[in-house]
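**Q** Quick one, fold the following:
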Amino acid sequence: MGTFLITGATSGIGRAVALRLAEEEHDVIGVGRDEARGEEIEAASARITFVACDLSQADEIETMMDGLKDQAITLDGLFNNAATFGRPGTPERLPASAFDDVFELNVLATNRLIQRAIPLLATGASVVNNAAIVGHVKFPPMLGPYAASKAAVIALTKTFAHRMKGKVRFNAVCFGPVDTPLSHKLYGGEAKFQEAMTHHFRGHAAKPDEVAPVVTFLLSEASSYINGQAITVDGGYTLS
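**A** Here you go, the predicted model:
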């Protein structure tokens, strides 16, 4: 069985992936900021170890990865899931500062984690980056910084896939709407999110448990011939 590092592991898609990997008898290092939620996910499985880290802070990433190195941990996979939408707004009016926090977490932190994880990754390991459909095939005008950051994540994914060929695979997953606390926040609350999702092909968004198997598949050896791809998982949402 393997060892996997999952960011944003205390809620939503990250939590679902962490729990599924643990159910498959893998060891999971779950990263998040909320220590109370961290305790909850540790209680859910003895195979999950929570590590508190604010990924927007470069020094905290360094401390966390130094700790893994000191423990001589070998990683079989990494799921870069943690992200922020930032502040929605019309692109012609958004100040440059609107990009700062979004790119710091969504792009720079992802890059830092990959760079620090590479020496710890086993040959044949897999990295999956959460890129979202807004960085690939659907570009909502109110989410310019978020869409730009996720497009950057896709480019970063392909760059590392080319660079690390033969040792580590890199793929991006571009999720459509998923019923998570972060999505609720974007829409102004859970009720508004659920109402908006009535326009989805099937009348509602995905649950985290529905999309987690895509990530665990890409992290596994069963997906050994998939590399450098941006895979859309949206239930047909981008067809409308």
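**Q** C-alpha only now, for contacts and for neighbours.
**A** OK.
**Q** May I ask which helix or strand of the chain has the lowest mean pLDDT?
**A** helix 181-187 (a mean of 81; mean pLDDT, DSSP states H and E).
**Q** Name the residues of that one that come out as buried.
**A** Leu182, Ser183, His184, Leu186 (16 or more other CA atoms under 10 Å).
**Q** Need the contact partners of that helix.
**A** Ser11, Gly12, Thr84, Phe85, Pro177, Glu190, Ala191, Lys192, Phe193 (CA atoms under 8 Å, 6 or more residues apart in numbering).
**Q** tell me the SS of the last one?
**A** Here Phe193 is recorded as helix under DSSP: H, G, I helix; E, B strand; the rest coil.
**Q** how about the strands in this structure?
**A** Taking DSSP state E as the criterion, the chain carries its strands at 3-7, 27-32, 48-52, 75-80, 121-130, 168-175, 230-233.
**Q** between those strands, which one is nearest to Ser240?
**A** strand 230-233 (14.2 Å; CA to CA).
**Q** and the closest one, which strands flank it?
**A** With DSSP bridges as the test, strand 230-233 is paired with strand 168-175 (parallel).
**Q** Off-centre distance for the partner strand?
**A** 9 Å (CA atoms, centre = their mean, to the nearest Å).
**Q** so that strand versus strand 75-80, what angle?
**A** 30 degrees (axes from the mean of the first three to the mean of the last three CA atoms, to 10 degrees).
**Q** Average pLDDT for strand 168-175, rounded please.
**A** Mean per-residue pLDDT for strand 168-175: 97.
**Q** Would you point out which residue is most central in the chain?
**A** Asn81 (1.5 Å; CA atoms, centre = their mean).
**Q** Who are the contact partners of that one?
**A** Neighbour list for Asn81: Ile6, Thr7, Gly8, Ala9, Ile13, Gly14, Asn129, Asn130 [criterion: CA under 8 Å, 6+ apart].
**Q** need the contact list for the third one.
**A** Translated: Gly8. Gly14, Arg15, Gly30, Val31, Gly32, Asn80, Asn81, Ala82, Ala83.
**Q** Make JSON lines out of those residues and add distance to Thr49 and pLDDT.
**A** As requested, these are arranged in JSON lines below (distance: CA to CA, whole Å; pLDDT from 0 to 100):
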{"residue": "Gly14", "distance to Thr49": "14", "pLDDT": "97"}
{"residue": "Arg15", "distance to Thr49": "12", "pLDDT": "97"}
{"residue": "Gly30", "distance to Thr49": "6", "pLDDT": "98"}
{"residue": "Val31", "distance to Thr49": "9", "pLDDT": "98"}
{"residue": "Gly32", "distance to Thr49": "11", "pLDDT": "98"}
{"residue": "Asn80", "distance to Thr49": "16", "pLDDT": "98"}
{"residue": "Asn81", "distance to Thr49": "17", "pLDDT": "97"}
{"residue": "Ala82", "distance to Thr49": "17", "pLDDT": "96"}
{"residue": "Ala83", "distance to Thr49": "20", "pLDDT": "94"}
